[in-house]
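Novice: dropping the sequence and predicted coords here.
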Amino acid sequence: MAVMIKPVKILAMLCAAASVSVAAAMPAPAQIASGGGDAGKTPFTAETHDVPPIEIDPAILSIAERYRHTTQWGGVVPALEKQITCEIGDDGAIDRRTCQPDSWSDREQSLAIQLLRAMAPSALPVFPAIDRAALGLPPRAVSPFWSTAINFSAHAPEGNKPPFFRLARLTVRTREMPRPSIDLTTGVLVDVRQIVLQAGTALRGDNYPARARREARAGAQLFECQVQTDRSVICQDISFDPPENAPYFTGMADRLYMRAIVKEQLENGDNAIGVRFRPKIRWALPD
């Protein structure tokens, strides 16, 4: 059974003096045993740095992302102030791919991570770089810190030395996020083959919902989607055949073009902004 271990503040690395090298200023890290000494769990060391609060404008998200979040919140996302933890790379940059909330069930923290990942890297603080070999530290773990909550032993680097993490504890603040003013019923209806993606991918039939797979549910799901002014895409469910299987595929409309950006022009050269199209996914169980 996995045991959740929250980041522990062990050291404060202060390398402000230009005449002092990073290697000289970096004290030897203390070691913390993970999992309360449970058998089979690998210990690790974590050095945590507190970062001043970061203000992020929710408009940094795409129109489709803001529409999805505000719909889930019932129309408006309240102003947030949430703490998240990210790894600091050996080059001193915060690695946004490794950010984790205190709880994955807290949707406010999940939104804070999404906002942070949407920021330009240059907007985040930078820490002193380190040379692990010169400091006698083990290599960076092969898995991100957040997976310590799942399987500590996955982090053991070469030589079975306990991995060492540098962590940034960030406070993300954002103002209230209202739902974008959108009418999803307007726009020319075009053939789905006219839509050309510039970035991201569309959901496919092999991204099968777990519950539907377990209970052997299948069918054809029809969506209607609209291209927004920033070329993100918002989709809605239209129908499911057979109707009794529809509840097993709830939420697929939100995931259909979740991170996709459409090209400015359709395949035929017409403007793509504002058009609607109706993709269909045939959910078929594997043989």
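Specialist: Thanks, I have the structure now.
Novice: scan the protein for its longest helix.
Specialist: Using DSSP state H to define each element, the chain has its longest helix at helix 107-118.
Novice: same for it, what does it pack against?
Specialist: Helix 107-118 is packed against helix 63-72, strand 80-88, strand 94-101, strand 164-174, with contacts defined by 3 or more Cβ pairs under 8 Å, 6 or more residues apart in numbering; DSSP states H and E. (Each C-beta comes from the backbone N, C-alpha and C, glycine too.)
Novice: okay, the angle between the third one and helix 107-118?
Specialist: Read it as strand 94-101. On the basis of axes from the mean of the first three to the mean of the last three Cα atoms, to 10 degrees, strand 94-101 is oriented at 170 degrees to helix 107-118.
Novice: send me strand 94-101 as PDB with only the CA atoms.
Specialist: The C-alpha coordinates for strand 94-101 follow below in PDB (Å, rounded to 0.1, in the frame of the first residue of the first chain):
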ATOM      1  CA  ILE A  94      11.700  25.000 -12.000                       C
ATOM      2  CA  ASP A  95      10.500  21.900 -14.000                       C
ATOM      3  CA  ARG A  96       6.800  22.600 -14.400                       C
ATOM      4  CA  ARG A  97       6.200  19.000 -15.700                       C
ATOM      5  CA  THR A  98       6.900  17.700 -12.200                       C
ATOM      6  CA  CYS A  99       4.500  20.000 -10.300                       C
ATOM      7  CA  GLN A 100       2.100  18.300  -7.800                       C
ATOM      8  CA  PRO A 101      -0.700  19.400  -5.600                       C
END
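Novice: run through the neighbouring helices and strands of it.
Specialist: The elements that strand 94-101 packs onto, with contact taken as 3+ Cβ pairs under 8 Å, 6+ apart, are strand 80-88, helix 107-118, strand 164-174.
Novice: just checking: what are the partner strands of it?
Specialist: Partner strands for strand 94-101, per DSSP bridges, with pairing direction: strand 80-88 (antiparallel).
Novice: right, and residue 277 touches residue 195 too?
Specialist: Yes: checked against Cβ atoms under 8 Å, the pair residue 277 and residue 195 is within contact range at 5.5 Å.
Novice: any idea which of the helices and strands packed on helix 107-118 gets closest to residue 268?
Specialist: Nearest to residue 268 among those is helix 63-72 (23.4 Å), distances taken as Cβ to Cβ.
Novice: quick one: work out the angle between the closest one and helix 107-118.
Specialist: Calculated by the same axes, to 10 degrees, helix 63-72 forms an angle of 170 degrees with helix 107-118.
Novice: hmm, who's touching helix 63-72?
Specialist: Contacts with helix 63-72, where a contact means Cβ atoms under 8 Å, 6 or more residues apart in numbering, come from 58-59, 61, 76-77, 107, 111, 114, 177-180, 182, 228-230, 232-234, 254, 257-258.
Novice: show me which of those residues are buried.
Specialist: Neighbour-count burial within the contacts of helix 63-72 applies to 58, 61, 77, 111, 114, 177, 179-180, 228, 232-234, 254, 257-258; the criterion is 16 or more other Cβ atoms under 10 Å.
Novice: just name the closest of the residues you listed to residue 171, please.
Specialist: For these, the residue nearest residue 171 by Cβ to Cβ is residue 111; the value is 13.9 Å.
Novice: understood, closing this out.
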